[in-house]
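Engineer: Provided below are the primary sequence and the corresponding predicted coordinates.
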2 protein chains.
Amino acid sequence: MEIRIGDLAKRSGCEVVTVRYYEKEGLMPKPARSGGNFRLYGDAHIERLQFIRHCRSLDMTLSEIRTLLGLRDNPTQDCGGINVLLETHIQQVEMRVAALLQLRQHLVNLREKCSGSRPMEACGILNGLSDSNCHVARSKQSNL
Amino acid sequence: MEIRIGDLAKRSGCEVVTVRYYEKEGLMPKPARSGGNFRLYGDAHIERLQFIRHCRSLDMTLSEIRTLLGLRDNPTQDCGGINVLLETHIQQVEMRVAALLQLRQHLVNLREKCSGSRPMEACGILNGLSDSNCHVARSKQSNL
DNA sequence: ATAGCTCTCTATAGTAGCTATAGAGTCAAG
DNA sequence: CTTGACTCTATAGCTACTATAGAGAGCTAT
Ligand SMILES: [Zn+2]
Ligand SMILES: [Zn+2]
Ligand SMILES: [Zn+2]
Ligand SMILES: [Zn+2]
């Protein structure tokens, strides 16, 4: 049951270079090598890489994933640390959503300042971007 | 009315190195120099840098800002291009919000799989992350 | 004038998570 | 025995900065 790096990558939905990168970063263990110096992987590698890619699809950093893998690899403790990490990650995502929504509102306000087809110096958007008090003014007069 | 790079940075709320970086990237023009080879800036530079920082606070890329500055610098055209750029940017932000909200839902589902204080191999979160069908299964059974 | 201090100069490397490239070697099939 | 697909290592590039080193400029205090 030994597969090479191309198959491993295909099964995990990532690029060959990415697998080597994870190895260099210590997320994937150094695999056995064939006579021709090709990397050889088994079931445990496949599972581990899929775990990593799953975490990445949830936007976890490699550092967070490293922590998760470390916890997973030593089963003597209970899983409290895992829950803490996940909760922290959810909060980070929620903060990013909030920031992006505020940003969107700001951009929409800006868009409404110009309907287009004006000479450049009369563009409401450009003038809004040149106004260094824009953010301040906006939070005074608007309730979002 | 000539100020040095430190004052310029302070007035625009960014770091000195960032100003030099913008110069290297062609967003800020090369300024005059003093006898001691210090950069000397005037009002136009201040306004331009504040414009750039305002755009950055709206999460525009330097490439987008370069385009905006280019349009702004040649006033012979009308401002249609500005509106297009802003509209595109808003759509990108909205797509990122949508992606993050879906991500959040996924993370919340995962969080509910474990209440903590279990031995590592029984952690519902870890097992969820190991399940490569998680995403597929989730979209089948849930309506978000 | 000389010491100390802050500011500025250039050049270089590092951050995250890959992606892209070059140049060489491995291996199975025709 | 050559073609082609795959793999190897090493290196550079991407975004928008941030950090560092080592040197010079310019002002104040002694
Ligand atoms: Zn306009
Ligand atoms: Zn604004
Ligand atoms: Zn758990
Ligand atoms: Zn999932």
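Structural biologist: Sure, I can see it. Numbers count the residues shown, from 1 in each chain, chains lettered A, B, ... in the order given. Ligands and ions are numbered 1, 2, ... in the order given.
Engineer: contacts only, for residue A:56.
Structural biologist: residue A:65 (CB atoms under 8 Å, 6 or more residues apart in numbering or on different chains). (Glycine included, C-beta is placed from N, CA and C.)
Engineer: what strand or helix carries it?
Structural biologist: helix A:43-57 (DSSP states H and E).
Engineer: is any part of that helix close to ligand 4?
Structural biologist: No. Applying CB under 5 Å from the ion, one finds helix A:43-57 separated from ligand 4 by no less than 5.6 Å.
Engineer: got a list of contacts for the helix or strand just after that helix?
Structural biologist: Past helix A:43-57, heading to the C-terminal end, the next element that is a helix or strand (DSSP H and E) is helix A:62-73. Surrounding helix A:62-73, the residues in contact under the criterion CB under 8 Å, 6+ apart are A:22, A:25-27, A:48, A:51-52, A:55-56, A:60, A:77, A:79, A:81-82, A:85, A:89, B:120, B:126, B:129.
Engineer: which SSE is immediately downstream of helix A:62-73?
Structural biologist: Toward the C-terminal end, the helix or strand that comes next after helix A:62-73 (DSSP H and E) is helix A:80-111.
Engineer: related to what we said a few turns ago, and the helix holding residue A:56, what's buried?
Structural biologist: A:45-46, A:48-56 (16 or more other CB atoms under 10 Å in any protein chain shown).
Engineer: render the CA-only coordinates of it in PDB, please.
Structural biologist: Listed in PDB are the C-alpha atoms of helix A:43-57, where the atom choice follows Å, rounded to 0.1, in the frame of the first residue of the first chain:
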ATOM      1  CA  ASP A  43      -2.600   5.100   4.800                       C
ATOM      2  CA  ALA A  44      -1.500   7.100   7.800                       C
ATOM      3  CA  HIS A  45       0.000   9.800   5.600                       C
ATOM      4  CA  ILE A  46      -3.200  10.000   3.500                       C
ATOM      5  CA  GLU A  47      -5.400  10.400   6.500                       C
ATOM      6  CA  ARG A  48      -3.000  13.000   8.000                       C
ATOM      7  CA  LEU A  49      -2.900  15.100   4.800                       C
ATOM      8  CA  GLN A  50      -6.700  15.000   4.400                       C
ATOM      9  CA  PHE A  51      -7.000  16.200   8.000                       C
ATOM     10  CA  ILE A  52      -4.600  19.100   7.200                       C
ATOM     11  CA  ARG A  53      -6.500  20.000   4.000                       C
ATOM     12  CA  HIS A  54      -9.800  19.800   5.900                       C
ATOM     13  CA  CYS A  55      -8.400  22.300   8.500                       C
ATOM     14  CA  ARG A  56      -7.100  24.500   5.700                       C
ATOM     15  CA  SER A  57     -10.500  24.600   4.100                       C
END
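Engineer: where's that helix relative to the chain centroid, distance-wise?
Structural biologist: On the basis of CA atoms, centre = their mean, to the nearest Å, helix A:43-57 sits 15 Å off its chain's mean C-alpha point.
Engineer: that one and DNA strand C, any residue contact?
Structural biologist: Yes. If you take CB under 7 Å from any atom of the strand as the test, helix A:43-57 does meet DNA strand C, through residue A:56.
Engineer: distance of whatever residue of chain A ends up closest to DNA strand D relative to residue A:12?
Structural biologist: Among the residues of chain A, residue A:6 lies closest to DNA strand D, at 2.5 Å counting by CB to the nearest atom of the strand. Counting by CB to CB, to the nearest Å, the separation of residue A:6 from residue A:12 is 11 Å.
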